[in-house]
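Asker: build me a model from this:
(one chain, ligands or ions: 2)
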Amino acid sequence: MQTGISGLDDMLGGGIPRGSVVAVLGSFGTGKTTAGMQFILKGLGEGEKCIFISLEEDETSLTRNASSFGWDLAAHASKGALALVRLEPTDAKTSVERIRSELPGFIREFGASRVVIDSVSLLSMLYDTPAEKRGGLFTLCRLIRESGASALLTSEISENNPGASRDGMVEYTADGVILLRSVDSSDESEQQLTIRVVKMRGAAHSRRIRPYSITGSGIVVHSGAELF
Ligand SMILES: Nc1ncnc2c1ncn2[C@@H]1O[C@H](COP(=O)(O)OP(=O)(O)O)[C@@H](O)[C@H]1O
Ligand SMILES: [Mg+2]
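Answerer: Ligands and ions are numbered 1, 2, ... in the order given. So this is what the prediction gives:
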């Protein structure tokens, strides 16, 4: 299944295996939400139904940001091809409960092939113990897989380890992990965005670190370029 992110599909050997749950890890501003939108738009372009669950930005902010890339999310939503679901993080316990109890049925009824949850960091903060957190994320990934949809879960990275998610769990429970990083250039005059496929069950993927840009038409991975 193509991600819709130019260059990333090359790194993945064509795309992500259908039915997989892929975590996209990165700090703020690395393009996680944008990557989620691109994944959804690719599906919509193929005539698939898609669900975007946002715990961070509200519908207005999402549709406005999307339109800055020339993407009309609202049009897809009004046609019934896209469900934009906003969950209030203030009502977090209910959000977790609703995702667990309602998401599988909703994916089936809506007929969604692609699901994005932006982000699971807020979700996993709600669990009290690491065991509950692991259990919660594990169940979430299993429910999505059983529903037949493919999913992209965005996650903040850990402050101490930029190679790990903030909850330190999603990379274990997901089938795939894509790591976005913002690194200083050698003279620190500029930041360079880099992407790496750390894990992808069932795919012969590249492990090279590649530069990418966030352009006026979304994320573009320079899959043939070397880092400076
Ligand atoms: N229309 C646009 N054209 C080019 N770059 C953009 C545009 N809109 C946003 N960006 C870049 O994308 C970044 C935000 O990406 P986003 O997907 O929201 O990141 P994250 O979800 O990881 O915080 C902005 O900080 C900006 O650098
Ligand atoms: Mg975001």
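
Asker: how about the host helix or strand of residue 74: buried residues?
Answerer: Per DSSP states H and E: residue 74 is located in helix 73-78. Using 16 or more other CB atoms under 10 Å as the test for burial, helix 73-78 gives 73, 74, 76, 77. In this view, the C-beta of every residue, glycine as well, is placed from N, C-alpha and C.

Asker: how about that helix, does it reach ligand 1?
Answerer: No - judged by CB under 6 Å from any ligand atom, helix 73-78 and ligand 1 are separated, with a smallest distance of 13.5 Å.

Asker: got the contact list for that helix?
Answerer: 37, 44, 50, 52, 62, 63, 66, 67, 82, 83, 84 (CB atoms under 8 Å, 6 or more residues apart in numbering).

Asker: which among those gets closest to residue 18?
Answerer: residue 50 (14.1 Å; CB to CB).

Asker: my read: the closest one touches residue 107, true?
Answerer: No - judged on CB atoms under 8 Å, residue 50 makes no contact with residue 107 at a distance of 10.2 Å.

Asker: tell me which of those two has more neighbours.
Answerer: residue 50 (26 against 23; other CB atoms under 10 Å).

Asker: quick one: which helix or strand includes the more buried one?
Answerer: strand 49-54.

Asker: after that strand, next one along is what?
Answerer: Counting by DSSP H and E, what follows strand 49-54 is helix 59-68.

Asker: just checking, what packs against the strand holding residue 50?
Answerer: With contacts taken as 3 or more CB pairs under 8 Å, 6 or more residues apart in numbering; DSSP states H and E, strand 49-54 sits against helix 32-45, strand 82-86, helix 92-110, strand 112-118.

Asker: partners of the second one, with directions?
Answerer: This points to strand 82-86. Strand 82-86 pairs in its sheet with strand 49-54 (parallel), by DSSP bridges.

Asker: quick one: the partner strand to chain centroid distance?
Answerer: Centre-to-centre, strand 49-54 and its host chain are 11 Å apart (CA atoms, centre = their mean, to the nearest Å).

Asker: tilt between that strand and helix 59-68?
Answerer: Strand 49-54 runs at 120 degrees relative to helix 59-68, counting by axes from the mean of the first three to the mean of the last three CA atoms, to 10 degrees.

Asker: quick one: average pLDDT of strand 49-54?
Answerer: The average pLDDT for strand 49-54 rounds to 97.

Asker: residue 216: which of the contacts of helix 73-78 is nearest?
Answerer: Closest to residue 216, out of all of these and judged by CB to CB, is residue 67, at 11.6 Å.

Asker: count of residues packed around the residue of the chain found nearest ligand 2?
Answerer: Closest approach between the chain and ligand 2, counting by CB to the ion: residue 33, at 3.3 Å. Residue 33 has 23 neighbours, counted by other CB under 10 Å.

Asker: and if you look at residue 182?
Answerer: Quick note: residue 182 (other CB under 10 Å) scores 15 neighbours.

Asker: OK, contacts around the residue nearest to it when sequence neighbours are not counted?
Answerer: Nearest residue to residue 182, sequence neighbours excluded (CB to CB, 6 or more residues apart in numbering): residue 191, at 5.0 Å. Shown in contact with residue 191 (CB under 8 Å, 6+ apart): 182, 183, 184, 185.

Asker: so what's residue 191 bridging to?
Answerer: Beta-bridge partners of residue 191, as defined by DSSP bridges: residue 184.

Asker: ok, now how distant is it from residue 203?
Answerer: 29 Å (CB to CB, to the nearest Å).
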